[in-house]
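Novice: Next one to model:
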Amino acid sequence: MSKAPLTGSPPLRTLELSGTPRELGRQHGRALAGEIRALRRTLLAYLARISLFGGALPLYALMLFLGKRFWPYIPTRFQEEIAGVAAGAQVGLGTILLLNVIDDLANNSPRCSALAAGEKYTGDGLYLLGRNLDYPLFIEAMVRQQTLFLLEPAQSLPLASLAWPGYVGVCTGMNRAGVALAQLTSMSRGRTFRGAPAALRFRQGLEGAAGVSAAAALILEAPGTIGNNLMLCSSREAVCLELAARRGTVRHPQDGLLLATNHYQSGAMASLKGRFPPRPPFSPLASHHFTEAYSQARLARLRELAADRPLAPGKIQEILADPRIANGGTVVSAVFAPAAQKIWVARGVQPPVCQGPFQEIALW
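Specialist: Here you go, the predicted structure:
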C-alpha cells in the first residue's frame, strides 16, 4: 500500500489486520482500545444530554438490550470477530455490538450521496465510484477517529474498509478483486430485528464475491434489517441495490451513470417507501436535511453536475464537495478507482470533510 503526501492535514490512520475472525478482532481491539472507549464516552455524553434528569446509563442499558436482539442473526465469524474486539479492547461485548448496530437501531442518516460513472463519462471507460457519508450526530468524533482497515481474513477475500474503531462491518470499502461498495440509508417501511445488521450483511457480500453481480446476489439472498441504497462498482460494472429488510431490486446505470441518495427510485420498491425521520436532538443539521425533498434535491444536483462531461477522480471530488451535495454532517468522502485499486479519501479536519484535501492511497 502506498500513500500520496498530504499538505496541511494529518494522514489517514491505517490499521492492517490478518488471521482468523477472533485474531482479527483481538488485533483491532488491542490497537484501538483507547479510541473505542472514547467513542463510548461520546455516546454516553450524548445520552446524558438528552435524558434530562434520568442520566445516561438507563438509556445506554436500553440500547444494549435492543442491540442484543440482532445477535442471533449475525454470521458466526462476525460474532467471533466482535467478541475478539471486545476482548482485545477490554470492554463489554455489548458495547462493540452496539457500535456495529447503532445505524440499524436509529436508521437516521438520510443525507448521503453517491455516484458511479463509467463508459462515455471516463476517458478509458472504466468505472469510478464517489460517495459522501453524512451523519447527524457524533460528527467531530467520527471525523477525528476515521480509520482505514486493511483486512486479510483467513478464508475470504482481502478488503479495505473506511470506518471507525470498534466497527466490524463495511459501509465504505473495496475488496482485493476490485469491487467497491458504498452504503446509503433509504427510508423504508420494511424494517426488522430479524436479520443481519446492514454493514455486516454488506461485508459478507464484499468478502465472498469477486464481481459485482456475485456480490449483489449474496447480499440479496441474506435477510436484512433496514432500508438501504447500496452502490456496488467494479471497473466495468455498477449497480445500485435498493433494499428493504425482506425485499430488494437492482438498478443499473443509464448510459454509464448511476446516482443514489436516500430514497428509492425504482417502481418495484415504491410501496415500501418510508417516512423520513425527525431531526434528532442537538444535531447541528437543520430539519430540512431530514426530508425527502433534500434527498431529491441532491439527486437532481448530482445529475446536473455529472451531465455530459468527463469525470476523472478530481472532478468527482469537486462534485462531492459541492455545497448543495455536502453538508455539515459529511464525515466521510471518498472516490474509488476499482481498476487501479486506488482510493482518494477526504482529509478535511471539520465537516464537510470534502472541502479539505483528498489523500490518494494505492491499496494493493
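
Novice: going forward, measure contacts between C-alpha atoms and count neighbours the same way
Specialist: OK.

Novice: pLDDT wise, what is residue 105 at?
Specialist: The score at residue 105 is 94. That number is its pLDDT.

Novice: scratch that, residue 2
Specialist: What the model reports for residue 2 is a pLDDT of 65.

Novice: Residue 216 now?
Specialist: Here, the pLDDT recorded for residue 216 equals 98.

Novice: what about it, how many neighbours?
Specialist: Residue 216 sits with 22 neighbouring residues when counted by other C-alpha atoms under 10 Å.

Novice: distance of the nearest residue to residue 119 once chain neighbours are set aside from residue 315?
Specialist: Setting aside the residues directly before and after it, residue 119 is nearest to residue 125 in space (C-alpha to C-alpha, 6 or more residues apart in numbering), at 3.9 Å. Counting by C-alpha to C-alpha, to the nearest Å, the gap between residue 125 and residue 315 amounts to 15 Å.

Novice: cool, and residue 194?
Specialist: Distance from residue 194 to residue 315, by C-alpha to C-alpha: 41 Å.

Novice: for the stretch 1-150 of the chain, what spans make up the helices?
Specialist: Along the stretch 1-150 of the chain, the segments classed as helices by DSSP state H, counting those that start in this stretch run 21-31, 33-50, 56-68, 76-89, 93-106, 139-145.

Novice: I'd like the ones you listed laid out as JSON lines, including mean neighbour count.
Specialist: Formatted as JSON lines, the entries for these read as follows, by neighbours: other C-alpha atoms under 10 Å:
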{"stretch": "helix 21-31", "mean neighbour count": "23"}
{"stretch": "helix 33-50", "mean neighbour count": "17"}
{"stretch": "helix 56-68", "mean neighbour count": "16"}
{"stretch": "helix 76-89", "mean neighbour count": "22"}
{"stretch": "helix 93-106", "mean neighbour count": "20"}
{"stretch": "helix 139-145", "mean neighbour count": "18"}
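
Novice: Let's have those in a markdown table, adding distance to residue 342.
Specialist: Formatted as a markdown table, these follow (distance: least, C-alpha to C-alpha, whole Å):
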| stretch | distance to residue 342 |
| --- | --- |
| helix 21-31 | 23 |
| helix 33-50 | 27 |
| helix 56-68 | 35 |
| helix 76-89 | 26 |
| helix 93-106 | 26 |
| helix 139-145 | 21 |
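
Novice: can you give me the strands in the stretch 151-300 of the chain?
Specialist: Remark: strands assigned in the stretch 151-300 of the chain by DSSP state E, counting those that start in this stretch are 159-163, 172-175, 180-185, 228-233, 238-243, 248-251, 257-260.

Novice: Distance to residue 35 and mean neighbour count for those strands - can I get that in JSON lines?
Specialist: Listed next are the strands of the stretch 151-300 of the chain as JSON lines, based on distance: least, C-alpha to C-alpha, whole Å; neighbours: other C-alpha atoms under 10 Å:
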{"stretch": "strand 159-163", "distance to residue 35": "13", "mean neighbour count": "23"}
{"stretch": "strand 172-175", "distance to residue 35": "20", "mean neighbour count": "28"}
{"stretch": "strand 180-185", "distance to residue 35": "24", "mean neighbour count": "28"}
{"stretch": "strand 228-233", "distance to residue 35": "28", "mean neighbour count": "28"}
{"stretch": "strand 238-243", "distance to residue 35": "32", "mean neighbour count": "26"}
{"stretch": "strand 248-251", "distance to residue 35": "36", "mean neighbour count": "18"}
{"stretch": "strand 257-260", "distance to residue 35": "32", "mean neighbour count": "25"}
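
Novice: between those strands, which gets nearest to residue 80?
Specialist: Nearest to residue 80 among the strands of the stretch 151-300 of the chain is strand 159-163; the distance by C-alpha to C-alpha comes to 18.1 Å.

Novice: quick one: the closest one to strand 180-185, angle?
Specialist: 30 degrees (axes from the mean of the first three to the mean of the last three C-alpha atoms, to 10 degrees).

Novice: tell me the mean pLDDT for the helix or strand harbouring residue 304?
Specialist: Assigned by DSSP states H and E, residue 304 belongs to helix 292-306. Here the mean pLDDT over helix 292-306 is 97, rounded to a whole number.

Novice: same check, this time on stretch 11-30
Specialist: 97.

Novice: Likewise for stretch 66-85?
Specialist: Averaging pLDDT along stretch 66-85 yields 98.
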